[in-house]
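Enquirer: need a structure here:
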Amino acid sequence: MHTGLRFTSVKQVLVKHYYTLVALLLLIIGAQDLVAQNDLLLAQYDRAYSYYNPAYAGMRKDVFITALHNRQWEGMPGSAKSFVLLADAPIRFMDREHGVGVRVVTQTVGLFSVNELMGQYAFKQKLFGGDLSVAIQAGFVNTAFDGTGVVLETENDPAIPLTKVNGKSFDAAAGVYYQRKNLYVGFSSTRLTAPAIPLTEQYILDLPRHYYLLAGYNIRSDFSLFAWHPSIFAATDGYSSRLDVTMGMSYDNRFFVSLMYRPTQAVGVHLGMQLGKLYAGYAFEWPTSALAKASWGSHELLVSYSFPLSPAKNRDAKYKSIRFL
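Expert: Next comes the predicted model:
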């Protein structure tokens, strides 16, 4: 199992409280259900897909701003809490379609905190009757560790900082996304530089590359207001993996419900409502692994708002998620 951490010396660490030790170990070893925690495990990935793939920036006609708050595996000591802000827009220059976006992330996991600021650029091209997007993402990631929360019952270990330490590094991502009528597929990789963030001379945080695949199809009928939206979302860092199989349903493109199954890890339900240019969604996931003994599930709230770049040209533009294109 990939740890994500490198030490120049290793000694036995005894933490005052057992559950604090458990939380720290879960963070260090990167348990499978956490899927290498340095990338977030978002439930409503279809509504915040530009977090995983910069190629989704500008794929919709309007400017989109999305705010998301995730509380993962509540009840676990040191469980992850994160806030994500995404904004993207289509632009046109030199007679070409492009997309631009911004990704801001704040996350806390146990004694760690992570802050990210990324910019996104996407190049658009018509292909085989559909739309192809190829994109890059670049920015900085800052990680801090609050060593004042570590209580040792033995002599101090120089590999374990007992003060607040932090470090930052350049980071990048790339992705492709293609949609044609009711079909869509995307592939992306984050942490392309595989950053090694030095918190101290002895304590280094490794962020491995992550790979993501999304595919889905929208099933509609001219004789019904109901529509079905099956999709799959796969993620791996080469050491652990995630596969979400989701069946979504919408009514009149206003009310949304999805059921998700993540083999050996979790089941979930997502609910959403479209009110004009405003969308609000909530997701709940229940662990099916051993985590169920210590957690009462994950919660995620999402709000997005869209508006046209040019009201005169986009007066009739409507919001459509990637599941509902």
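Enquirer: okay, CA-based contacts and neighbour counts for the rest of this
Expert: OK.
Enquirer: Can you give me the neighbour number for the residue lying closest to Tyr217 once chain neighbours are set aside?
Expert: Nearest residue to Tyr217, sequence neighbours excluded (CA to CA, 6 or more residues apart in numbering): Leu183, at 4.6 Å. As a burial measure, the neighbour count of Leu183 was computed by other CA atoms under 10 Å and equals 17.
Enquirer: now swap in the one 5 residues further on and tell me
Expert: In terms of burial, Ser188 registers 22 neighbours under the definition other CA under 10 Å.
Enquirer: what sits against it?
Expert: For Ser188, the residues meeting the contact criterion (CA atoms under 8 Å, 6 or more residues apart in numbering) are Tyr52, Asn53, Pro54, Ala173, Ala174, Gly175, Val176, Tyr211, Tyr212, Leu213.
Enquirer: Could you dump those into JSON lines with pLDDT, neighbour count and distance to Tyr261 added?
Expert: Putting those into JSON lines (pLDDT from 0 to 100; neighbours: other CA atoms under 10 Å; distance: CA to CA, whole Å) gives the following:
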{"residue": "Tyr52", "pLDDT": "97", "neighbour count": "28", "distance to Tyr261": "19"}
{"residue": "Asn53", "pLDDT": "97", "neighbour count": "28", "distance to Tyr261": "22"}
{"residue": "Pro54", "pLDDT": "97", "neighbour count": "35", "distance to Tyr261": "25"}
{"residue": "Ala173", "pLDDT": "97", "neighbour count": "24", "distance to Tyr261": "27"}
{"residue": "Ala174", "pLDDT": "98", "neighbour count": "23", "distance to Tyr261": "27"}
{"residue": "Gly175", "pLDDT": "97", "neighbour count": "24", "distance to Tyr261": "25"}
{"residue": "Val176", "pLDDT": "98", "neighbour count": "22", "distance to Tyr261": "25"}
{"residue": "Tyr211", "pLDDT": "96", "neighbour count": "22", "distance to Tyr261": "20"}
{"residue": "Tyr212", "pLDDT": "97", "neighbour count": "20", "distance to Tyr261": "17"}
{"residue": "Leu213", "pLDDT": "97", "neighbour count": "20", "distance to Tyr261": "16"}
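Enquirer: Pull the contacting residues for Ser258.
Expert: The contact partners of Ser258, taken as CA under 8 Å, 6+ apart, are Thr246, Met247, Gly248, Met249, Val269, His270, Leu271.
Enquirer: what does whichever strand or helix holds the third one rub up against?
Expert: In this structure, Gly248 is located in strand 241-251 according to DSSP states H and E. The set of residues external to strand 241-251 that reach it, using CA under 8 Å, 6+ apart, is 32, 35, 225-236, 256-263.
Enquirer: if you set the cut-off to 7 Å instead, what comes out?
Expert: The contact list for strand 241-251 (CA atoms under 7 Å, 6 or more residues apart in numbering) reads 35, 225-236, 256-263.
Enquirer: Just flag the most distant two among the contacts of Ser188.
Expert: Taking CA to CA as the measure, those reach their widest spread between Ala173 and Leu213, a distance of 13.9 Å.
Enquirer: Tabulate the CA atom coordinates of stretch 125-140 in PDB.
Expert: Taking only C-alpha atoms (Å, rounded to 0.1, in the frame of the first residue of the first chain), the coordinates of stretch 125-140 have been written out as PDB:
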ATOM      1  CA  GLN A 125     -12.500  21.300 -31.700                       C
ATOM      2  CA  LYS A 126     -15.400  19.700 -33.700                       C
ATOM      3  CA  LEU A 127     -14.800  16.000 -34.300                       C
ATOM      4  CA  PHE A 128     -17.000  13.300 -35.800                       C
ATOM      5  CA  GLY A 129     -20.100  15.300 -35.300                       C
ATOM      6  CA  GLY A 130     -19.300  16.000 -31.600                       C
ATOM      7  CA  ASP A 131     -17.200  18.400 -29.500                       C
ATOM      8  CA  LEU A 132     -13.700  17.500 -28.400                       C
ATOM      9  CA  SER A 133     -11.900  19.400 -25.600                       C
ATOM     10  CA  VAL A 134      -8.200  19.100 -24.700                       C
ATOM     11  CA  ALA A 135      -7.000  20.900 -21.600                       C
ATOM     12  CA  ILE A 136      -4.200  21.700 -19.200                       C
ATOM     13  CA  GLN A 137      -4.300  22.800 -15.600                       C
ATOM     14  CA  ALA A 138      -1.500  24.400 -13.500                       C
ATOM     15  CA  GLY A 139      -1.100  26.000 -10.100                       C
ATOM     16  CA  PHE A 140       0.200  25.500  -6.600                       C
END
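Enquirer: Distance from the chain centre to that stretch, please.
Expert: In terms of CA atoms, centre = their mean, to the nearest Å, the centre of stretch 125-140 is found 19 Å from the chain centre.
Enquirer: Report the beta-bridge partners for Tyr121.
Expert: Val100, Ile136 (DSSP bridges).
Enquirer: Does it touch Val102 like I think?
Expert: No - in this structure, Tyr121 is not within contact of Val102 by CA atoms under 7 Å, at 9.1 Å.
Enquirer: which stretches of this protein form helices?
Expert: Read by DSSP state H, the chain holds these helices, from start to end of the chain: 18-29.
Enquirer: low-confidence ranges in it?
Expert: For the chain, residues meeting the criterion pLDDT under 70 lie at 1-38, 152-159, 311-325.
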